[in-house]
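Enquirer: sequence first, then the predicted structure:
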Amino acid sequence: MTEAETLKTPLHALHLELGGRMVPFAGYDMPMQYPLGIMKEHLHTRARAGLFDVSHMGQVLLYPRSGDLAEAARALETLVPVDVLGLKEGRQRYALFTNDQGGILDDLMVANRGSHLFLVVNAACKKTDVSHLEDTIGAASDSPKVEVRVVVDRALLALQGPAAEAALATIIPTVADMRFMDVAILTSGFGELWVSRSGYSGEDGFEISVPHEAAVDMAKALLAHDAVAPIGLGARDSLRLEAGLCLYGSDLDNDTSPVEAALEWAIQKVRRAGGARAGGFPGAERILSELANGAERRRVGLLPEGRAPVRGRADLFSAEADKWPVGIVTSGAYGPSLAAPMAMGYVPGDLAAIGTRLFAEVRGKRLPVTVSAMPFVKANYKRT
Amino acid sequence: MLKFTDDHEWLRIEGGVATVGITAHATEQLGDLVFVELPEAGTEFEAGDTAATLESVKAASDIYAPLAGEVIEVNQAIIDDPSIVNSDPMGQGWFFKLKLADPSVAEALMDEDAYKTMVG
């Protein structure tokens, strides 16, 4: 990609001002880290609060053409194996766009905002997600059910960590009343904010959609708090991995099903066999079958026994001297809070039990790793 | 004699033996190190061979043998505590000592002024 094609978020100049080390990511010039460095940024987020620019992600609104939200919910249910109709107003949940083969096109968040649905999708997938929505349930479909509106005039900030509530509450006190996965449209000195109590770090926190013109001022207002530091993509990745959360493109892809990915918790009973709205999403045959019978391979957590990090794409072997790999690592890093290396990857179902000892090949050596429960670091969501 | 390479390594050469490490500039680029893999004493390298591996939170980086020679000692202290490389890259954070196959070749490497000009 040439420089002219590289996109910038509304916070780009602020990243440079803060000393961000910029890297290309999903077509955007984004901060990998700030002068604090990945290790300290990670630990700061777990101890206090971190501010992330996630404006590269896609924000999409789905308006029911009939004016009845249930129509939009039913339409979206034809694309995701998730209970959208049962999602209450002011609530958000995790969802997956599946393909006809039962693989995952993208993972996303869906919020019910009363008159419409609000979606947050991955940066690298947002163009294809919008085309997919338009082609299947939007204006380009045979029977349009929703109007798809891509939000192009808003930045997205994530404020994560135990001090996130206190910091954001100085701008909008009512956020203290929100609990995990609540969403709200709130008026502030920075214009209308779309706030959800969620994130991708395993910590309590918020994602805040803010008008472009107010984004820098809002980020600066949050950074003015002693507890808040700017955090780059490097720590975002180690935080989400410690939390056992998947990264689309590494841990999830077109060929990987939700059951293989151990994401069946995202498929509510009503969409499963015997449920009132069972099936009716792309790839239902395979996904319902895997829910009943198990998948051939499973995503598992892996803890290397030594101190050497095991990275994504390392082959996994069931015995130290085996010739052929049985699985593959999809994400791996050193966990600053865990104070040890950690990884996740895919193994055959019969090697997926917690405690199973496997070997990862790193620079020609077979290093022992143990299948382990995730998250690696206890989540700290505000559920009550 | 203190010399530098394009790959941000330094060599302190005394009596045909080079103590090898990486520069402060390199450690800033790599970030906090969490794992160091060093060669075994007795290993012989050609210039450019992969001699060591450094791992930060995010990524692994190879360190190349700056010149041909035999490893005669490695720094166990940085294996036990990789953060020493970040805190004292030019001193306690050295990697290994290399008995140079041909010490005269070292003359061609950059001196400190040339290296400082290169990194700006």
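Expert: Perfect, thanks for sending it. Numbers count the residues shown, from 1 in each chain, chains lettered A, B, ... in the order given.
Enquirer: what sits closest to the residue nearest the centre of chain B if chain neighbours are left out?
Expert: Closest residue to the average C-alpha location of chain B: B:G21 at 2.8 Å, with C-alpha atoms, centre = their mean. Spatial nearest neighbour of B:G21, chain neighbours left out: B:W94 (4.3 Å); criterion: C-beta to C-beta, 6 or more residues apart in numbering or on different chains. Heads up, the C-betas are built off the backbone N, CA and C, glycines and all.
Enquirer: backbone phi and psi for that neighbour, please?
Expert: Per-residue torsions, B:W94: phi -60, psi 160 (degrees, to the nearest 10).
Enquirer: make sure it is actually in contact with B:V20.
Expert: Yes. B:W94 lies in contact with B:V20 (C-beta atoms under 8 Å); the separation is 6.8 Å.
Enquirer: which of these two has more residues huddled nearby?
Expert: B:V20 (26 against 22; other C-beta atoms under 10 Å in any protein chain shown).
Enquirer: for the more buried one, helix, strand, or coil?
Expert: strand (DSSP: H, G, I helix; E, B strand; the rest coil).
Enquirer: who's in contact with it?
Expert: By C-beta atoms under 8 Å, 6 or more residues apart in numbering or on different chains, the residues touching B:V20 are B:E9, B:W10, B:L11, B:A51, B:P66, B:W94, B:F95, B:F96, B:K97, B:L98.
Enquirer: and the last one, its phi and psi?
Expert: Note on B:L98: backbone dihedrals following degrees, to the nearest 10 are phi -120, psi 120.
Enquirer: how much space between it and chain A?
Expert: Going from B:L98 to chain A by C-beta to the nearest C-beta, to the nearest Å gives 20 Å.
Enquirer: next, count neighbours for that residue.
Expert: 27.
Enquirer: now do the contacts for it.
Expert: Residues near B:L98 by C-beta under 8 Å, 6+ apart: B:11, B:17-20, B:45, B:65-67, B:69-72.
Enquirer: let's see which of these end up in strands.
Expert: Within the contacts of B:L98, residues falling in strands by DSSP state E are B:L11, B:V17, B:A18, B:T19, B:V20, B:F45, B:G69, B:E70, B:V71, B:I72.
Enquirer: could I have the buried ones of those residues as ChimeraX selection syntax?
Expert: Remark: buried members of those, expressed as a ChimeraX selection using 16 or more other C-beta atoms under 10 Å in any protein chain shown:
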select /B:11,17,18,19,20,45,69,70,71
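Enquirer: near chain B, which residues of chain A? Just list them.
Expert: A:32-33, A:37-40, A:42, A:234-235, A:237-238, A:307-309, A:311, A:333-334, A:336, A:341, A:363 (C-beta under 8 Å from any C-beta of the partner chain).
Enquirer: right, is stretch B:55-67 up against chain A?
Expert: Yes. Against chain A, stretch B:55-67 shows contacts by C-beta under 8 Å from any C-beta at B:E55, B:S56, B:V57, B:K58, B:A59, B:A60.
Enquirer: sorry, back to before: let's have the contacts of B:L98 in a markdown table, adding pLDDT.
Expert: Below are these laid out as a markdown table (pLDDT from 0 to 100):
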| residue | pLDDT |
| --- | --- |
| B:L11 | 97 |
| B:V17 | 98 |
| B:A18 | 98 |
| B:T19 | 98 |
| B:V20 | 98 |
| B:F45 | 98 |
| B:A65 | 97 |
| B:P66 | 96 |
| B:L67 | 97 |
| B:G69 | 98 |
| B:E70 | 98 |
| B:V71 | 98 |
| B:I72 | 98 |
